[in-house]
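Student: Coordinates only, no sequence provided:
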């Protein structure tokens, strides 16, 4: 098709998946604190928040939420019963994912962390 | 801390990152069609949508959006100028990511695809 450009492949940005284990339950059950922390992390990275949506599954239960960013998104899902949360940060342009991760580590203080970083937009 | 359980590590779910290259631009610029497609994909996977948020950067420009799911989330960011979109699907429980991916492939019809699937919640 004329409007396809199959040879135009770029690195669009970096997508970081962070598994935070052995967090204190108190950090995983408060949607307001978690939203504030993610916004602070986005700001620290130099990213621009378009909108923010958080859902609390109930008292003492998990939180799921996302920031839509001009540079893509950040999301979090928490499992307080497992002292665990799953975070992903997809940022394009000059946004600094490491700066965001520092803020998140400071708040959740996981005892163990697993990180995967996948470049997005590469040639298959 | 007494409310931490450092030895309780589980596989929580699967997180799939899909890069769709060489899509037709017409599939990448309509936020309503894209939202409809993602909802259809979530439904096909057996997932439950909590809420849906889509942002259009402007006529002929990209779309960024997310479905918050009971099972975690799906997100998409499109770059029509590159005939490219970046999708991620994080689903827990019995949701069928492959079924969602089939719906997305049918709509976007990428000529080239790159997929990464990362188990979430594993022991670091």
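Tutor: Looks like it came in fine. Because the structure is a prediction, the values reported are computed rather than measured.
Student: Tell me where the longest helix sits in chain A.
Tutor: helix A:31-45 (DSSP state H).
Student: Could you look up the next helix or strand downstream of it?
Tutor: Under the assignment DSSP states H and E, the closest C-terminal helix or strand after helix A:31-45 is strand A:49-56.
Student: Could you list the buried residues of that next one?
Tutor: Buried residues in strand A:49-56, defined by neighbour count with 16 or more other CB atoms under 10 Å in any protein chain shown: A:49, A:52, A:53, A:54, A:55, A:56. In this view, the C-beta of every residue, glycine as well, is placed from N, C-alpha and C.
Student: Show the pLDDT at the nearest residue to the fourth one once chain neighbours are set aside.
Tutor: For residue A:54, the nearest residue in space outside its immediate sequence neighbours is residue A:65; the separation is 3.4 Å by CB to CB, 6 or more residues apart in numbering or on different chains. Turning to residue A:65, the model gives it a pLDDT of 97.
Student: for residue A:54, same thing?
Tutor: 97.
Student: One more: residue A:10?
Tutor: Per-residue confidence (pLDDT) for residue A:10: 77.
Student: and it, which of the three is it?
Tutor: At residue A:10 the chain is in coil, as set by DSSP: H, G, I helix; E, B strand; the rest coil.
Student: Next, the contact list for it, please.
Tutor: Going by CB atoms under 8 Å, 6 or more residues apart in numbering or on different chains, residue A:10 touches A:121, B:82, B:84.
Student: next one: phi and psi at the first one?
Tutor: Looking back up the chat, that one is residue A:121. Main-chain torsions, residue A:121, degrees, to the nearest 10: phi 90, psi 0.
Student: mind listing what it touches?
Tutor: Neighbours of residue A:121 in contact, by CB under 8 Å, 6+ apart: A:9, A:10, A:11, A:12, A:13, B:19, B:79, B:82, B:84, B:86.
Student: picking up where we left off before, want to try JSON lines for the buried residues of strand A:49-56, with distance to residue B:72 as columns?
Tutor: Compiled in JSON lines, the buried residues of strand A:49-56 are given as follows (distance: CB to CB, whole Å):
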{"residue": "A:49", "distance to residue B:72": "20"}
{"residue": "A:52", "distance to residue B:72": "17"}
{"residue": "A:53", "distance to residue B:72": "14"}
{"residue": "A:54", "distance to residue B:72": "14"}
{"residue": "A:55", "distance to residue B:72": "11"}
{"residue": "A:56", "distance to residue B:72": "15"}
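Student: Tell me which residues of stretch A:108-121 come out buried.
Tutor: In terms of neighbour count (16+ other CB under 10 Å), stretch A:108-121 has its buried residues at A:108, A:110, A:113, A:114, A:116, A:118, A:120, A:121.
Student: Helix or strand: which one has the fourth one?
Tutor: When elements are defined using DSSP H and E, residue A:114 is found to belong to strand A:112-120.
Student: Is any residue of that strand near chain B?
Tutor: Yes - contact of strand A:112-120 with chain B (CB under 8 Å from any CB of the partner chain) involves A:112, A:113, A:114, A:116, A:118, A:120.
Student: swap in stretch A:99-109?
Tutor: No - Stretch A:99-109 stays clear of chain B (CB under 8 Å from any CB), getting no nearer than 9.6 Å.
Student: Okay, now the unreliable bits of chain A?
Tutor: In the predicted model, chain A carries pLDDT under 70 at residues A:1-9, A:123-124.
Student: Pick out whichever of the buried residues of stretch A:108-121 sits closest to residue A:72.
Tutor: For those, the closest approach to residue A:72 (CB to CB) belongs to residue A:120, at 8.3 Å.
Student: Identify the bridge partners of that closest one.
Tutor: According to DSSP bridges, the partner residues bridging residue A:120 are residue A:13.
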